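**Q** How does the following fold in three dimensions:
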Amino acid sequence: RPAVLLAKLKAAEGEAVGALRFSHNSATATSEVSLAGLGTLTAPETRLMTEYVFTPLNYYFITSRDAEKTLLDSVAGFQRTGLQFKVFTTQQSGMQGISRYYFDQAALKGARGTHFYTLLDSEKLLLAALNPDNLAQPLKPFNEGTDSFAYPPVREGIGGSCAAGFVPVYRIFRGNARFPDDPNHRFTASFAVYQGMVAAGWDDEGVKFCVPE
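**A** Reported below is the predicted structural model:
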């Protein structure tokens with residue numbers, strides 16, 4: 001049973017035991033060798049979700065994709081805010097993919113688009129219903145794929161929380177007061193920034209996903 005033992009060692013910390021049994025043509029017909037090993041868990045790989053602001057429009061954008069960071073660092077008007085948080089590069093048990101959506105011609109009277117992120121199945125279903133064929137068309141949520149992975153909150157929304165050892169990411173929306181002129185979601189792991197944006201009139205949408213410390 002070496003394959004079973006190897007699976008156990010990959011799946012959990014601690015000692016695992018097994019046996020390798022094989023047949024032969026001697027008098028005993030079969031022989032068995034005891035196996036044992038010590039499993040250690042490898043922490044899932046992470047990368048940084050980095051925030052940018054497009055200063056001419058005060059438009060916030062986040063990405064964990066290195067190619068996009070390289071591009072944005074070279075584009076006039078885009079600047080790093082200095083805020084970032086860790087996300088997971090691969091999916092592990094209990095995690096959800098952070099899906100990224102693009103709404104074309106949804107802001108500034110159709111002059112530009114806006115992005116939206118979520119890992120909540122309820123929100124993904126609502127967005128999929130608005131664009132069942134996932135076609136790139138004005139004002140419809142176009143799913144650009146999974147950016148990275150994180151854990152859903154223990155309690156989602158305003159007053160939400162994460163499991164111990166994880167950091168809440170808050171979502172705030174420049175929406176009702178200025179919608180549809182200049183909608184923009186901002187995602188931050190900084191509680192101070194979150195509070196400040198809400199105080200400045202952005203809509204409070206609370207905790208939306210949980211990331212590693």
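**Q** Do you have the strands of the chain handy? List them.
**A** Counting by DSSP state E, the segments of the chain that form strands are 14-23, 30-39, 46-54, 59-63, 78-88, 96-107, 112-118, 141-150, 166-174, 184-188, 203-212.
**Q** Could you list every helix and strand in contact with the second one?
**A** Translated: strand 30-39. Secondary structure elements in contact with strand 30-39, counted by 3 or more CB pairs under 8 Å, 6 or more residues apart in numbering; DSSP states H and E, are helix 2-11, strand 14-23. From N, CA and C alone the C-beta is placed, and that goes for glycine too.
**Q** Grab the nearest non-local neighbour of Gln92.
**A** Pro44 (5.1 Å; CB to CB, 6 or more residues apart in numbering).
**Q** how many neighbours does the one you found have?
**A** 13 (other CB atoms under 10 Å).
**Q** can I assume it is in contact with Thr89?
**A** Yes. Using CB atoms under 8 Å, Pro44 is in contact with Thr89, at 7.5 Å.
**Q** mean pLDDT lowest for which of the helices and strands packed on strand 30-39?
**A** Per-stretch mean pLDDT for the helices and strands packed on strand 30-39 is lowest at helix 2-11 (a mean of 46).
**Q** Specify the beta-bridge partners of Ala36.
**A** Val17 (DSSP bridges).
**Q** shouldn't it be in contact with Ala19?
**A** No. Counting by CB under 8 Å, Ala36 does not reach Ala19; the two are 9.7 Å apart.
**Q** Please spell out which residues along stretch 112-125 are buried.
**A** 113-120, 123-124 (16 or more other CB atoms under 10 Å).
**Q** try stretch 35-55
**A** 39, 46, 49-54.
**Q** Looking at those residues, which is nearest Phe103?
**A** Closest approach between the buried residues of stretch 35-55 and Phe103, by CB to CB: Phe54, at 15.6 Å.
**Q** Which pLDDT does the model give the closest one?
**A** 94.
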